[in-house]
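Undergrad: model this:
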Amino acid sequence: MQTPVKFTNTGRSQFFATARRRVDTYFKENGISPTANFAMWFKTIFFLGGYGLLYGLIISNLFSAWTMLGLAVLLGIFAAFIGFNVSHDAMHGAFSSRNWLNKILSSSFYFIGANPYVWKLSHNIVHHTYTNIFGHDEDIDVAPGLIRLDDGERYRPWQRYQHLYALPLYSLTSLSWVFRKDFVKFFQKKIGQHANPRHPRHEYITLFATKAAYYFCFLVLPYLVLDLAWWQVALGFVVMHLVEGALIAIVFQMAHLVEGTSFPVPVNGMSIQEAWAVHQLRTTANFAPRSKTAAFFCGGLNRQIEHHLFPKVCHIHYPAITEIVKKTAEEFELPYLENPTFFSALHSHYRILKRQGRRELAEAA
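TA: Numbers count the residues shown, from 1 in each chain. This next block holds a predicted model:
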């Protein structure tokens, strides 16, 4: 699979070589594996077990409609946390040194209605390589025509209000994923400018079979076993996904679409005048890096810099390697972007939305 964009400084930057050597030394000297440890297994059991328990309580038909709606909200939250904490690491091959175990845990992505094979193509390969490059990184094409994030994008009058309607729009992320996104990305010829491969036959079967199973478990089965009208089942399903979608979208936005992050434009549409690792530093930001709560629930996605540089390292180790990466970046006089809290990052993203929605600034650009 080929793409015209190249990082012309690849191999010349001493930053990543130094950071990687220091991180490797940390694991070696402390006798630690970069994969999952006991704490990581505890999180995995906690989130998967909680998800299963919540689903079972809903299907039990022992509760009132309002109680089941509250359980649906919690189920959406746990679905997002499974994606952050379990599926994400497994799909990057960071959970275990055993490929079969990573594959099994990657299947937890089906619990949120998404396809791990498609995710690996669009996220692991494209997003992690061409981060924040419009036309290539489709993960930042939040809502083309509705959300404007970069000076190079065409301005539309309704984007003046995008800071007001962005969050409701973000909430649709999970619903879009379940019913549309995986199918579109699976069959489109390119993801960004990256040629989509010829998919193995079994992936066609898996895509449709797992989607059908998900629709059955979350729409058909509840309608059959619960004392609810069809519209109540549909409402619970939608509410669950609105919560899940909002969490997924917001956590991603705060990692790449905040003040300070850049949106590089390839020279002549072909090259980025930067080493790949330096490009990651300029396009990625951490948030709430000292918050144990954020670390537990966000699956290390609050430390996106470390994740983008070391995607094969389990996120449970990010707190330990953060200081190594940050110190190395400072030594090489490179940016290391971070917002101290969740809400400061959210406010930063809000300011970008508001600024990019101003007509006068768009016309000046």
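Undergrad: and the gap between Leu53 and His307?
TA: According to CB to CB, to the nearest Å, Leu53 stands 29 Å off from His307. Quick note: C-beta positions are derived from backbone N, CA and C, even for glycine.
Undergrad: for Gln193, that is, sorry about that
TA: For Gln193, the distance to His307 equals 23 Å [CB to CB].
Undergrad: With neighbour numbers in mind, choose between the two.
TA: Comparing Gln193 with His307 by other CB atoms under 10 Å, the one with more neighbours is His307, at 24 against 18.
Undergrad: was I right about that one contacting His317?
TA: No: here His307 lies out of contact with His317, judged by CB atoms under 8 Å, at a distance of 10.8 Å.
Undergrad: Can you show me the strands along the chain?
TA: 6-7, 190-191, 194-195, 271-272, 285-287, 337-339 (DSSP state E).
Undergrad: Could you say which of these is packed most deeply?
TA: Highest mean neighbour count among the strands of the chain (mean count of other CB atoms under 10 Å): strand 285-287, with a mean of 27.
Undergrad: Show the average pLDDT along that one.
TA: For strand 285-287, the mean per-residue pLDDT is 95.
Undergrad: Tell me the strands beside it, with direction?
TA: The pairing partners recorded for strand 285-287 under DSSP bridges are strand 337-339 (parallel).
Undergrad: how much distance is there from the partner strand to the middle of the chain?
TA: Distance of strand 337-339 from its chain centroid, counting by CA atoms, centre = their mean, to the nearest Å, is 17 Å.
Undergrad: cool, stretch 282-297 as well?
TA: For stretch 282-297, the distance to the chain centre is 13 Å (CA atoms, centre = their mean).
Undergrad: With stretch 126-142 instead?
TA: 12 Å.
Undergrad: Could you check how far Thr284 is from Pro200?
TA: From Thr284 to Pro200 the distance is 32 Å (CB to CB).
Undergrad: Between the two, which has more neighbouring residues?
TA: Thr284 (26 against 10).
Undergrad: Quick check: the gap between the more buried one and Pro34.
TA: Applying CB to CB to Thr284 and Pro34 gives a distance of 20 Å.
Undergrad: what sits against the closest residue to Val251 other than its chain neighbours?
TA: Nearest non-adjacent residue to Val251, counting by CB to CB, 6 or more residues apart in numbering: Leu301, 5.4 Å away. Leu301 makes contact with 84, 88, 251-252, 255, 307, 315 under the criterion CB atoms under 8 Å, 6 or more residues apart in numbering.
Undergrad: follow-up on the earlier one: would you mind putting the strands of the chain into a markdown table with distance to Ala80 alongside?
TA: Below are those laid out as a markdown table (distance: least, CB to CB, whole Å):
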| stretch | distance to Ala80 |
| --- | --- |
| strand 6-7 | 32 |
| strand 190-191 | 23 |
| strand 194-195 | 27 |
| strand 271-272 | 32 |
| strand 285-287 | 16 |
| strand 337-339 | 20 |
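Undergrad: of these, which approaches Gly260 most closely?
TA: Of all those, strand 337-339 sits nearest to Gly260, with 4.6 Å by CB to CB.
Undergrad: mind listing the helices for the stretch 151-300 of the chain?
TA: With helices called from DSSP state H, counting those that start in this stretch, the stretch 151-300 of the chain shows them at 162-170, 173-176, 182-187, 201-215, 221-225, 230-256, 276-283, 292-298.
Undergrad: closest one to Phe38 among these?
TA: Between those, helix 292-298 lies closest to Phe38; by CB to CB that is 14.3 Å.
Undergrad: So which residues make contact with the closest one?
TA: With contact meaning CB under 8 Å, 6+ apart, helix 292-298 is reached by 43, 81, 84-85, 251, 287-288, 302-303, 318-319, 342.
Undergrad: Tell me the one of the residues you listed nearest Asn30?
TA: For the contacts of helix 292-298, the nearest to Asn30 is Pro319 (13.4 Å; CB to CB).
Undergrad: quick one, what contacts the closest one?
TA: By CB under 8 Å, 6+ apart, Pro319 lies in contact with 295, 303.
Undergrad: switch to 7 Å and redo it
TA: Neighbour list for Pro319: Ala295 [criterion: CB atoms under 7 Å, 6 or more residues apart in numbering].
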